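Student: A predicted structure for the sequence below; I have some questions about it.
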Amino acid sequence: MCGIVGYIGPQPVVPVIIEGLRRLEYRGYDSAGIAVAGNSSGLELRRAPGKLRNLETVIADNPIHGTFGIGHTRWATHGRPSEENAHPHRDGSGTLVVVHNGIVENYIALKRELIAAGHKFASETDTEIIAHLIEQEIANAQKSVISTGGAAAAEKPASLPIPLEEAVRRAVHRLTGAFAIGVLSANEPDKLVAARMGPPAVIGIGEGEFFLASDVPGILHHTRNIHFLADGELAVLTREGVTLSDFDGKPLPLKIQRITWDPIMAEKAGYKHFMLKEINEQPRAIRDTTLGRVSLETGHVFLDNLDITDAELRSATQITIAACGTSWHAGLAGKFMIERLARLPVDVDYASEYRYRDPISDPHAIGLLITQSGETADTIAAQSELIAKGSKTIAICNVVGAAVTRRAQGTITTNAGPEIGVASTKAFTAQLTALFVLALHLAQVRGTITDAESLRLVDELSKVPAKIEDILRSVDAQCFELAKVFHTVNDFLFLGRGIHYPIALEGALKLKEISYIHAEGYPAGEMKHGPNALIDESLPVVCIATKDPNDPSSVLKYEKTLSNIQEVTARSGRVIAIAIEGDEEIKHLVEHTIQIPQAPELLLPILEVVPLQLLAYHIAVRRGCDVDQPRNLAKSVTVE
């Protein structure tokens, strides 16, 4: 959540920062601001609530110029979206500003202390505390200089008594919570200071220019050489370069990574919305996630980035999955895949709840963290808890070098590329693909699957991208027409059994995220235990009624789902069924049928979710909603 872009270099500062913030809009925000310094006017600040275009209007009406600067797009946590609550935030002197992603948990105590020391605050935010805290550290240092240097010291020209980075270092030691901050002072020309504890921050190394950002896409069009700031690191950017240290001042080496993403991947490529583009990128994302990991000749799975031995995988007592939102739905589907193929028990937890339930220690359990960004605060906290309990952890993540991957003993990257739309689509199907590959690997290591069955499933997996391409061609127009019928309703119900239940949850989540229609996912077998009371002629019910005819358990679930459909239609409910191509029986039972290609039971979820994504998309567009940046949501949730 929130975007940060800072710049020092020969280019005009304001356009660089505004363009960087625009490329970070996918993270979600409700206000924006920029601060620049290095001119005769000292420090200049412009802010505006709402979208970035509002800030651009403010700047056009009252231009600013400087040699270095920093900008921010804010998602409200403390204080309503407004000009005074927008970042950057000044200190009391008006010569220093801070931008901040995260949350300061002890801000109330710090604010009381600072007010007692004479500080006055202009906003409701926790971020402003950081600016005043740095100011206080500078004042304390000035007092120390005066007390040791006497009148001569007091008469020196106004300047910082200690380097800005030292004041920041002292201040962050007093913060409790999560933060990625950028700081500049008009009294320290051409210097930016960044510090991280929790939320992501990256440093860009260009040719004679240097960048700070909260995420790689914000600066990738300028440089591919990136240092991912780690927890407890503080960076100082000047025109001469970047220096790195820990919070105690110990020098650290820069670890520059070369990013290979193509910046054009972050553009709409002719689609009306990023979400639609990303729905259509799913065949490529799935191919790239399997590329080099499975052999189509032998069926063998290769996971080279696992620092967990086969012996440890064989002796594992269970897999504990922790994830949030869409990733949690992927984890639920992954439970069915792993338990069925590898015969290994799987628990699936909301990452936000895991550490608060006092989980039982089991060093033979393996933790599996699923996260698109790799920076989700709750998921990182669950990982810490798993490690503290003695578990090794594996990460399924879409961002190379993200925080969760750096602590894991193994990573399976979902090679979906940057996902700009806040509502996840291609990252979700790539996660399902990675989970299927992991389940196959566990099964092969644990000896719970034959070579012939492995080869068959790998062959079926290789066919999934082409099947999704077929769905995209055949179903999009149908979902467009369904949106005309159902875009005015107030409620939706999504039903599924077994591995299809997580897809019902995901379909409901997609609809509520981007169309603001109340939607609920439910196990189809639970209809008699309450939800039947909701059924009437005004409630659309989406039933996932697919089957693998070669799988008796799948056929049984399908037959029971048909019974659930008849319960709905008997009460005048309007059913939209997701079914397998050629299923004539179900057409006679429901009002609308969306058909998808045949696949094995464990791979059907990857196909089923695509029409649900398209249905949500077309309904949201017809309702006039902001599909890519739905209200109150952010792409990467870096606070609890």
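Tutor: Sure, I can see it. This structure is a prediction, so every number in the text was calculated from the model and none was measured.

Student: Stretch 220-231 spans what distance, first to last residue?
Tutor: 22 Å (Cα to Cα, to the nearest Å).

Student: I meant to write stretch 341-351 there.
Tutor: Stretch 341-351: ends 24 Å apart by Cα to Cα.

Student: R473 belongs to a helix?
Tutor: Yes - assessed with DSSP: H, G, I helix; E, B strand; the rest coil, R473 lies in a helix.

Student: Okay, it and N280: tell me how far apart.
Tutor: Distance, R473 to N280, using Cβ to Cβ, to the nearest Å: 10 Å. Every residue, glycine included, has its C-beta placed from N, CA and C.

Student: Show me which of those two is the more surrounded one.
Tutor: Neighbours were counted for R473 and for N280 using other Cβ atoms under 10 Å; N280 has more, 19 against 9.

Student: Mind listing what's buried along stretch 563-576?
Tutor: Buried residues in stretch 563-576, defined by neighbour count with 16 or more other Cβ atoms under 10 Å: 564-565, 567-569, 573-576.

Student: Farthest-apart pair in these, please.
Tutor: Spanning the widest gap among the buried residues of stretch 563-576 are E567 and I576, at 15.5 Å by Cβ to Cβ.

Student: just to revisit the earlier point, just the ones of the buried residues of stretch 563-576 in strands?
Tutor: Among those, the members found in strands (DSSP state E) are 574-576.

Student: Would you confirm that V609 contacts L509?
Tutor: No - if you go by Cβ atoms under 8 Å, V609 and L509 don't touch, sitting 10.5 Å apart.

Student: Comparing the two, which residue is more hemmed in?
Tutor: A count of neighbours by other Cβ under 10 Å puts V609 above the other of V609 and L509, at 32 against 23.

Student: How about T393, nearest residue that isn't a chain neighbour?
Tutor: G367 (4.0 Å; Cβ to Cβ, 6 or more residues apart in numbering).

Student: List the contacts of the helix or strand containing that neighbour.
Tutor: In this assignment (DSSP states H and E), G367 forms part of strand 365-371. Applying Cβ atoms under 8 Å, 6 or more residues apart in numbering, the contact partners of strand 365-371 are 308, 312-313, 316-324, 327-328, 330-331, 334, 351, 379, 382-383, 386-387, 389, 391-398, 402, 404, 408, 431, 435, 438.

Student: so where do the helices sit in the stretch 201-350 of the chain?
Tutor: For the stretch 201-350 of the chain, the helices defined by DSSP state H, counting those that start in this stretch occupy 274-280, 282-290, 310-315, 325-342.

Student: could you say what helices and strands the second one packs with?
Tutor: Put plainly, it is helix 282-290. Identification of packing neighbours for helix 282-290 by 3 or more Cβ pairs under 8 Å, 6 or more residues apart in numbering; DSSP states H and E yields helix 426-446, helix 451-486.

Student: Contact partners for the residue nearest to S462 when sequence neighbours are not counted?
Tutor: Excluding the flanking residues, the one nearest S462 by Cβ to Cβ, 6+ apart is L296, at 5.9 Å. Neighbouring residues of L296 by Cβ under 8 Å, 6+ apart: 458-459, 462.

Student: from what I can see L160 touches E188, true?
Tutor: Yes - in this structure, L160 is within contact of E188 by Cβ under 8 Å, at 6.0 Å.

Student: the more surrounded of these two?
Tutor: Neighbours per residue (other Cβ under 10 Å) separate L160 from E188, with E188 holding more: 22 against 16.

Student: Tell me how far that one lies from P251.
Tutor: 19 Å.

Student: do I130 as well
Tutor: Distance from I130 to P251, by Cβ to Cβ: 24 Å.

Student: before we move on, what about P611?
Tutor: From P611 to P251 the distance is 55 Å (Cβ to Cβ).

Student: Between these two, tell me which one has more neighbours.
Tutor: Taking neighbours as other Cβ under 10 Å, P611 and P251 compare with P611 leading, 25 against 8.

Student: wait, what's in contact with D307?
Tutor: Here D307 is in contact with 409-410 (criterion: Cβ under 8 Å, 6+ apart).

Student: Closest one to P418 out of the buried residues of stretch 563-576, please.
Tutor: Of the buried residues of stretch 563-576, the one sitting nearest to P418 (Cβ to Cβ) turns out to be I576, at 31.6 Å.

Student: ok, that closest one - contacts?
Tutor: Taking Cβ under 8 Å, 6+ apart, one finds 482, 540-543, 590-594, 615 in contact with I576.

Student: Identify the bridge partners of it.
Tutor: Counting by DSSP bridges, I576 forms beta bridges with V542, H592.

Student: And the pLDDT at it?
Tutor: If you check I576, the pLDDT there is 93.

Student: Equivalent analysis for the one 3 residues further on, please.
Tutor: pLDDT for A579: 96.

Student: Give me the distance between it and N225.
Tutor: On the measure of Cβ to Cβ, A579 and N225 end up 50 Å apart.

Student: ok, these two, which is more surrounded?
Tutor: Neighbours were counted for A579 and for N225 using other Cβ under 10 Å; A579 has more, 24 against 16.

Student: that older thread, closest to D61 out of the contacts of L296?
Tutor: S462 (56.7 Å).

Student: ok so, going back, for burial, what's the neighbour tally of the residue nearest to T393?
Tutor: 23.

Student: Can you name the residues bridging to it?
Tutor: Beta-bridge pairing of G367 under DSSP bridges involves T320, T393.

Student: Of the ones in strands among the buried residues of stretch 563-576, just say which sits nearest to H529.
Tutor: Once Cβ to Cβ is applied, the member of these that ends up nearest H529 is V575, at 19.3 Å.

Student: Contacts only, for the closest one.
Tutor: The contact partners of V575, by Cβ under 8 Å, 6+ apart, come to 540-543, 565, 568-569, 589-592.

Student: can you put the contacts of L296 in JSON lines and add neighbour count?
Tutor: JSON lines is the format used below for the contacts of L296 (neighbours: other Cβ atoms under 10 Å):
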{"residue": "V458", "neighbour count": "22"}
{"residue": "D459", "neighbour count": "12"}
{"residue": "S462", "neighbour count": "14"}
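
Student: pretty sure L212 contacts I70?
Tutor: Yes - if you go by Cβ under 8 Å, L212 and I70 touch, sitting 7.0 Å apart.

Student: what do those two both touch?
Tutor: 4-7, 182, 192.

Student: To what extent is V555 buried, counted in neighbours?
Tutor: V555, neighbours per other Cβ under 10 Å, totals 14.

Student: Could you tell me the model confidence score at it?
Tutor: The predicted local confidence for V555 is 92.

Student: need the helices of the stretch 201-350 of the chain in JSON lines with mean pLDDT and distance to A620, can you?
Tutor: Output for those, formatted as JSON lines (pLDDT from 0 to 100; distance: least, Cβ to Cβ, whole Å):
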{"stretch": "helix 274-280", "mean pLDDT": "93", "distance to A620": "8"}
{"stretch": "helix 282-290", "mean pLDDT": "91", "distance to A620": "18"}
{"stretch": "helix 310-315", "mean pLDDT": "94", "distance to A620": "42"}
{"stretch": "helix 325-342", "mean pLDDT": "97", "distance to A620": "16"}
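
Student: Can I get the ones you listed in TSV including distance to K547?
Tutor: Below are the helices of the stretch 201-350 of the chain laid out as TSV (distance: least, Cβ to Cβ, whole Å):
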stretch	distance to K547
helix 274-280	25
helix 282-290	22
helix 310-315	32
helix 325-342	15
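
Student: what stretches of this structure score poorly on pLDDT?
Tutor: By pLDDT under 70, the weakly predicted segments of the chain are 1, 26-28, 75-80, 148-159, 261-270, 634-640.

Student: any idea how far the residue lying closest to G177 once chain neighbours are set aside lies from E375?
Tutor: Closest residue to G177 apart from its sequence neighbours, by Cβ to Cβ, 6+ apart: E105 at 3.8 Å. Going from E105 to E375 by Cβ to Cβ gives 18 Å.

Student: and the gap between the residue nearest to S462 and S361?
Tutor: L296 is 41 Å from S361, by Cβ to Cβ.
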